[in-house]
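Chemist: I'd like to go over a predicted model; first the sequence, then the structure.
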Amino acid sequence: MKKIVILLAALVALLVGVLTQQNLKVDFTTLDGQGQRWSHSQGNWKVVNYFAEWCAPCLREMPELNHFYHQYNYEIDIFAVSFDPLNKDQLTNLRQKYDIQFPIIEKLYNLPWDNPPNSLPTTFILDADGKVRKQLKGEQSAEKLMNTINLLKTL
């Protein structure tokens, strides 16, 4: 009887450990240290913009992306991803230098798209389940992003 109780306790502990591990798993972390999953968005769609400091169109679109963030952040999450592998200090400097007002992804652990983009700027639009619905290449405006998302929501 004692062996059965010990075995059941071990199985419960293992199950709790597995569930905890799954809940702690993150797909990416932002510059402020927040771990997030693509699929845990509380119903929000996501916009993920790849940029680089050497990419003039990327820097030109930043004010539009900031505008989009301030106008729609209650219903759509927006993130920036540096195309170049930069450390936390370098990303922080870029954020300040170019006045990036929305979250920057510091570490990507799991991509919902096949590969990093081959041209910049590139913007991915993900639905509330974390599935890529559209890839946009080139400069984007806040209006174009919202129109694209509204169209995708109807499909």
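Modeler: Received it, and whenever you're ready, just let me know what you need. Numbering: from 1, shown residues only.

Chemist: name the helices or strands packed onto the one helix or strand residue 48 maps to?
Modeler: Following DSSP states H and E, one finds residue 48 within strand 45-51. Secondary-structure packing of strand 45-51 (3 or more CB pairs under 8 Å, 6 or more residues apart in numbering; DSSP states H and E): helix 56-72, strand 76-82, strand 122-126, helix 142-154. Backbone N, C-alpha and C define where each C-beta goes, glycine included.

Chemist: Residue 104: which of those is closest?
Modeler: Among these, the nearest to residue 104 by CB to CB is strand 76-82 (4.7 Å).

Chemist: that older thread, for residue 115, find the nearest of the helices and strands packed on strand 45-51.
Modeler: So among the helices and strands packed on strand 45-51, strand 122-126 is nearest, using CB to CB, at 10.8 Å.

Chemist: The next helix or strand after the closest one: partners in the sheet, and parallel or antiparallel?
Modeler: The C-terminal neighbour of strand 122-126 among helices and strands, as given by DSSP H and E, is strand 132-137. Applying DSSP bridges, strand 132-137 is found paired with strand 122-126 (antiparallel).

Chemist: residues making contact with the strand it pairs with?
Modeler: Residues outside strand 122-126 that contact it (CB atoms under 8 Å, 6 or more residues apart in numbering): 38, 45-50, 112-113, 132-137, 140, 145, 148-149, 152.
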